[in-house]
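# Fold the stuff below for me.
(2 chains)
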Amino acid sequence: MALNLIRHFGGGREIGTAPLRSALLGALGLAVAATGMVAGLPQPAKAASPAACAALQAKYPSLKGKTLVNAINPHTPGYETIDPQDPSKYIGFDIDLGEAIGDCLGFKITYTPVTFASLLTTLQAGQADIVISDIYATKDRAKAADFITYLKVFDGVLVAKGNPKGITGIDLSLCGTVAAENTGYVEVPLIQALEGECKKAGKPAPEILLFDNNANCIQAILAGRADTYINDVNTVDGAVKAYPDKLAKATAVTLPYSVGIAVPRNKVEFRDAVMAALTEIQKAGLQAELMKKWNLPAEQLEAPTLVLAD
Amino acid sequence: MRPMDLFLHYLRMPYLIDGVGYTLLITLLGLLGGLAMGVVLAAMQLSRFRTLAIVARTYSIIFRGTPLILQMVFCYNALPMIGIKLSAIAAAGLALALNEAPFIAEILRSNVIGVDRGQVSAGQALGMTPAAIMRRVIAPQAIRSMVPALGNEAVSALKNSSLASVVAVQELTLRSTQLASATFDFFSVFFASGLIYLILTGAIAAIQIVVEMLLDLDRPPPKQQLARFLRALMPGRAQPAAVAVATPPDVAAEILADIVADPLPPASAKAARPPQASAPLDRAARARRLAGNNVAVDVQGLRKSYGTQPVLQGVDLSVRAGEVVALLGPSGSGKSTLLRCINRLEGWQDGAIRVGGRRLGSDEAGRPLSPRGIAQMRASVGVGMVFQQFNLFGHLTARENIAGPLRWVQGLSRLEADRRAQELLERVGLAHRADALPRHLSGGQQQRVAIARAVAPGPAVLLLDEPTSALDPELVGEVLEVIRRLAVEEGLAMIISTHQLRFAGEVADRIVFLAEGTVIEQGPAEQVLRAPSHPLTARFLSTMNAE
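Below is the predicted model of the structure:
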């Protein structure tokens, strides 16, 4: 029984495809046909593709007409979340950038929503073709995927309003405090590394609570379980905007990383194509335009470079 | 919007409602897949082949002992490494099925084991194959008793389906968390999705109540059923009497009334009690007649032990067609074991038993038969058995207890089987109780139905294992009378183990006295009872007479 059904669904990888809908109706007899079943369909192109895209499509014909899967952790307002007005869609800067790359190279994109920690696992397992999800390109992560960078990293330090613990960044002010982070975030080892310094200064080490999405980290501060959440500055700004009476940004921190698009390690041609398209999109000013649309500071823009494993 | 309005907004949101579709789909895949695999696992564990049981047990240990969330991630992200790339829904459904299977298998197994072993023995003795016993006796009763546990399992599968969110299935939990992240309306969203889960699990509870009612053997008329359903939904007001587990008082009264009201029909001329004076003459003539009959049961040098404990130590016994043999002996002397060996309900270590000239349990060349082969041989040789504990099939009416095996084993049509059942029920004086379930019959009535069932296929040999020992004293008489008439009217060979000395003297042609696993004395009934030759027999008889 199970095997039959699996075979039946085996082909469909997108969310809410027609066979699933008919199977649902048939098998369960439920009137779930209502609306909004189709999640993650590509949004219409917002800007004209650069002229050079035609040349890229000619150079990489194998991508044309394809539908690729983008693994995202859709809990980062401004970068990727569902659209509260139409939850069947994903919105944000990363989503628009991905669509722009797809438009340029001639492929469509569907989305698979996973936890932050399993973004790269999903890519490695072949359950996704690309990851554009505000993920920092580090040497460690490059062991699992090749990265093409597109943004500089600015972190914000989210604290309760008034910053009762007087936190000033990833420094000794964190000693004895509780930080909320997501599993797999680059901030985690940076905070852990403070343990020695704190001990030397005669203070207790910082404690880290691990969650699997931004919303849980923000809730941890609201509930008084955590003192800070250090993450992408735009995410922090979004949280402060949502809870202006309860949260504040203590400071901004520069981290020596860039945000990158992750692609499978063994697909060099695909990596080259994405990098070329991203270059054209930046040249045409499209990325700057999208950053303005999503309130990202213009100085964050970074020319594409590769971050690969050593 | 105020929190209450937000809550209602999310409760009605098509995005979340559609997520319910995926939640139900994953749950259904998990339950159906788990049920299919659970049946296989349970069958493997119950099978007589040890290797299968070990494989099934190993599977259970692995999949019951690891977290579902790991199994989900494994099916979604690890299987692709060996070339099996499942969609998110298929991977989550598979993981849930793999995880449910051992739990469902244990539910199946415990309920199968829970069915009274005596009923299984009765089915075997009637010549039913293992498959027929499973289908007709065990499954119908096990399925009834496993409904509550399966209901539990369905609720737990539904809640567990939320873990499919880790492999990107757009079910209710994943959609709720995404919505909460996008809107920052954390609590309104989660209260709404919590309430939706409650509605779903509530629906499963309602389905369970309906199924339990439909399967209730004492199902009342539809009107009462609705009232009962409503009561069941409000546990506080449920009346204990609503669920008839024990025999309700009115049924008990009915049974008492029946004991008085269901006398046996008048005996046939042949079976009418002969005047005591003419008995010895008749007996001598009968003994001469029997001596010319074929041997129906032939036991030679039978040895059997349970572990190191010897039970039968070289028993020889020969019974001719039409002969009635009473097996006497103290408790533990091996009477029951001997009877159970004769129709091959048990095996033995040494010796041979032939029934109707054929060896039960092995083919002509002496090779052991499969359980199925033994069942078919029992039916074709014709050995019936009556048990101390009656062993009627608990879910079947008196009529169906008799007619069912006739259809399943002898292949009679429904009409023929029912006619034969009705005829036999009349003979044992229970035609008016044909539609009663065993648990609504008195012990004596149950044993009369059991005797009718054993006789129905027209066996050549009838084995009765202490047929009155489990009965209240006032019910013994009616059962002995039924057996006495059978002995006279049917002319079939009977071996009765009993403690009823008077009955043995009256009905038996021969008494065989068994002690410490061997036959220490046998002879014409009157002779053994009046003048036992072995001191053990004498002591036993005087003890029994003193009681």
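
# give me phi/psi at A:Leu151?
Main-chain torsions, A:Leu151, degrees, to the nearest 10: phi -140, psi 150.

# Please name the nearest non-neighbouring residue to it.
Spatial nearest neighbour of A:Leu151, excluding adjacent residues (CB to CB, 6 or more residues apart in numbering or on different chains): A:Val259 at 3.9 Å. Heads up, the C-betas are built off the backbone N, CA and C, glycines and all.

# any low-confidence regions in chain A?
Along chain A, the parts satisfying pLDDT under 70 run over A:1-50.

# domains for it, by residue range?
A:46-153+A:257-307, A:154-256 (automatic domain parsing).

# Give me every residue in the stretch 151-300 of chain B lying close to chain A.
Proximity of the stretch 151-300 of chain B to chain A is confined to B:166-168, B:170, B:174-175, B:177-184, B:186 under the rule CB under 8 Å from any CB of the partner chain.

# quick one: the strands in chain A?
Assigned by DSSP state E, chain A shows strands spanning A:67-72, A:81-83, A:86-91, A:108-113, A:131-137, A:146-160, A:178-182, A:207-211, A:228-232, A:247-263, A:306-307.

# and A:Leu286, which of the ones you listed is closest to it?
strand A:146-160 (11.7 Å; CB to CB).

# counting contacts, what elements does the closest one pack onto?
Contacts defined by 3 or more CB pairs under 8 Å, 6 or more residues apart in numbering or on different chains; DSSP states H and E place strand A:146-160 against strand A:131-137, helix A:214-222, strand A:228-232, helix A:233-242, strand A:247-263, helix A:268-283, strand A:306-307.

# and it, C-alpha only, in PDB?
Taking C-alpha atoms only, strand A:146-160 is exported to PDB below (Å, rounded to 0.1, in the frame of the first residue of the first chain):
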ATOM      1  CA  ASP A 146      30.000  25.900  -3.300                       C
ATOM      2  CA  PHE A 147      29.000  29.500  -2.600                       C
ATOM      3  CA  ILE A 148      28.700  32.500  -4.800                       C
ATOM      4  CA  THR A 149      28.500  35.600  -2.600                       C
ATOM      5  CA  TYR A 150      26.200  38.600  -3.200                       C
ATOM      6  CA  LEU A 151      25.900  40.600   0.100                       C
ATOM      7  CA  LYS A 152      28.200  41.700   2.800                       C
ATOM      8  CA  VAL A 153      27.300  40.700   6.400                       C
ATOM      9  CA  PHE A 154      26.200  43.100   9.000                       C
ATOM     10  CA  ASP A 155      24.900  41.600  12.200                       C
ATOM     11  CA  GLY A 156      22.600  43.300  14.700                       C
ATOM     12  CA  VAL A 157      22.400  42.600  18.400                       C
ATOM     13  CA  LEU A 158      18.800  42.200  19.300                       C
ATOM     14  CA  VAL A 159      18.000  42.800  23.000                       C
ATOM     15  CA  ALA A 160      15.100  43.500  25.300                       C
END
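
# Run the angle between it and strand A:131-137 for me.
Relative orientation of strand A:146-160 versus strand A:131-137 (axes from the mean of the first three to the mean of the last three CA atoms, to 10 degrees): 80 degrees.

# re earlier: which pair in the residues of the stretch 151-300 of chain B next to chain A has the greatest spatial separation?
Greatest spacing in those, by CB to CB: B:Val167 and B:Phe184 (25.6 Å).

# higher neighbour count, these two?
Legend: neighbour count by other CB atoms under 10 Å in any protein chain shown for B:Val167 and B:Phe184, higher for B:Val167 (28 against 18).

# Give me the neighbour count for the closest residue to the more buried one other than its chain neighbours.
Spatial nearest neighbour of B:Val167, chain neighbours left out: B:Tyr76 (3.9 Å); criterion: CB to CB, 6+ apart. Neighbour count for B:Tyr76, taken as other CB under 10 Å: 30.

# Over to B:Arg117?
11.

# and the residue of the stretch 401-547 of chain B at minimum distance from chain A, how many residues sit next to it?
Nearest residue of the stretch 401-547 of chain B to chain A: B:Trp408, at 28.1 Å (CB to the nearest CB). Look at B:Trp408: counted by other CB under 10 Å, it has 21 neighbours.

# coming back round to it: let me see the contact set for the residue nearest to A:Leu151.
For A:Val259, the contacting residues are A:134-137, A:149-153, A:302, by CB atoms under 8 Å, 6 or more residues apart in numbering or on different chains.

# Go ahead and build a PyMOL selection from the buried members of these.
Selection of buried members from the contacts of A:Val259 for PyMOL, criterion 16 or more other CB atoms under 10 Å in any protein chain shown:
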select buried, chain A and resi 134+135+136+137+149+150+151+152+153+302
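
# just the contacts of A:Val259 now: which is nearest A:Ala55?
Out of the contacts of A:Val259, the member with the shortest distance to A:Ala55 (by CB to CB) is A:Tyr150, at 20.9 Å.

# Assess the claim that the closest one and A:Gln300 are in contact.
No - A:Tyr150 is beyond contact range of A:Gln300, at 9.3 Å (criterion: CB atoms under 8 Å).

# What is the burial count for residue 75?
Unless you meant another one, I'm taking chain A. 28.

# Oops, wrong one, chain B.
Counted with other CB under 10 Å, B:Cys75 comes out at 24.

# Just give me the neighbour total for the spatially closest residue to A:Gln124 that is not a sequence neighbour.
Residue nearest to A:Gln124 in three dimensions, not counting chain neighbours: A:Ala144, with 5.9 Å by CB to CB, 6+ apart. Counted with other CB under 10 Å, the neighbours of A:Ala144 add up to 17.

# Phi and psi next, for A:Ala144.
With angles defined as degrees, to the nearest 10, A:Ala144 sits at phi -100, psi -20.

# quick one: low-confidence parts of the stretch 151-300 of chain B?
Ranges of the stretch 151-300 of chain B meeting pLDDT under 70: B:220-222, B:235-263, B:268-281.

# hmm, back to that, could I get the helices and strands packed on strand A:146-160 as CSV with distance to B:Ala91?
Below are these laid out as CSV (distance: least, CB to CB, whole Å):
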stretch, distance to B:Ala91
strand A:131-137, 19
helix A:214-222, 24
strand A:228-232, 30
helix A:233-242, 30
strand A:247-263, 21
helix A:268-283, 24
strand A:306-307, 30
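
# Next up, the contacts around B:Leu23.
No Leu there; residue B:23 is Thr. Counting by CB under 8 Å, 6+ apart, B:Thr23 touches B:158, B:161-162, B:171-173, B:200.

# hmm, 6 Å instead?
Residues near B:Thr23 by CB atoms under 6 Å, 6 or more residues apart in numbering or on different chains: B:161, B:171-172.

# can I get those residues in a markdown table with neighbour count?
Listed next are the contacts of B:Thr23 as a markdown table, based on neighbours: other CB atoms under 10 Å in any protein chain shown:
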| residue | neighbour count |
| --- | --- |
| B:Ser161 | 29 |
| B:Glu171 | 26 |
| B:Leu172 | 29 |
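
# could I get those as JSON lines with secondary structure?
Output for the contacts of B:Thr23, formatted as JSON lines (DSSP: H, G, I helix; E, B strand; the rest coil):
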{"residue": "B:Ser161", "secondary structure": "helix"}
{"residue": "B:Glu171", "secondary structure": "coil"}
{"residue": "B:Leu172", "secondary structure": "helix"}
